[in-house]
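1. The sequence isn't on hand, but the structure is:
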């Protein structure tokens, strides 16, 4: 049974608008949450993270929201740019090993 | 600054052949990981190493062995390749700062096809 789910395989938005990517998890013991971005033929690159003691973390155009009661994580990108077009993975973990469980990914397309 | 380097980038194997995927990082990180990514799925952890000389199984370790040769290098070996091991393999490393959410840095991946 998947512990981390990204239920939208793809998302298309217009340049300048907001992109919202969602992620649900099942285990309330997870205590840190990350978003990675992946371009074709490249490895994932870290985007932003949040620990379980917070409900929001912001870095420039990227904001991650954590709703622990709903076991839900979201990434907001404002404003979206064509260069943001990529696959976005949420990843969760617990403890200090850094071992991550990834969602299936959401392909974001930002149209000029 | 090379980061995490994986070799080879592409490989085709016949069923039953063996091979070793190489990974090296130049960031002086303690922790290293091997993941595989299959179509429509997220990355899944194969093996993990917290430090030189230590390794631990991840979610999908069957059919694989690993070696943490030194702090820089972490190799993944397929002793007898099977078509189910056709995948893209990613190596990653992470600085251990005492909490889990320090980010991992990934290599560019090895695309392996087993025929």
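-> That came in fine, so what should we check first? Just so it is clear, the model here is predicted, and its values are computed rather than measured.
2. residues in chain A within reach of chain B, list them.
-> Proximity of chain A to chain B, by Cβ under 8 Å from any Cβ of the partner chain, involves residues A:4, A:6, A:9, A:31-34, A:36, A:41-46, A:49-51, A:89, A:91, A:93-105. Glycine gets a C-beta too; all of them are placed from N, C-alpha and C.
3. Now, of those residues, which are buried?
-> A:4, A:6, A:31-34, A:36, A:43-44, A:46, A:49-50, A:89, A:91, A:93-94, A:96-105 (16 or more other Cβ atoms under 10 Å in any protein chain shown).
4. one step back: from the residues of chain A next to chain B, which land in strands?
-> Secondary structure assignment (DSSP state E) places A:4, A:32-34, A:36, A:45-46, A:49-51, A:89, A:91, A:93, A:101-102 from these within strands.
5. what secondary structure does the spatially most central residue of chain B sit in?
-> What sits nearest the mean C-alpha location of chain B, by Cα atoms, centre = their mean, is residue B:34, with 2.6 Å. Under DSSP: H, G, I helix; E, B strand; the rest coil, the three-state class of residue B:34 is strand.
6. where does chain A dip in pLDDT?
-> Scanning chain A for pLDDT under 70 picks out A:1.
7. Could you give the backbone dihedrals for residue 18?
-> Here I'm looking at chain A. Residue A:18 adopts backbone torsions of phi -90, psi 140, taken as degrees, to the nearest 10.
8. actually it's chain B I care about, not the one you picked
-> Residue torsions, per degrees, to the nearest 10, at residue B:18 are phi -120, psi 160.
9. Likewise for residue A:103?
-> phi -80, psi 180.
10. So which bits of chain B are right by chain A?
-> Checking chain B against chain A by Cβ under 8 Å from any Cβ, the hits are B:4, B:31, B:33, B:35, B:40-45, B:48, B:50, B:56, B:58-59, B:90, B:92, B:94, B:96, B:98-109.
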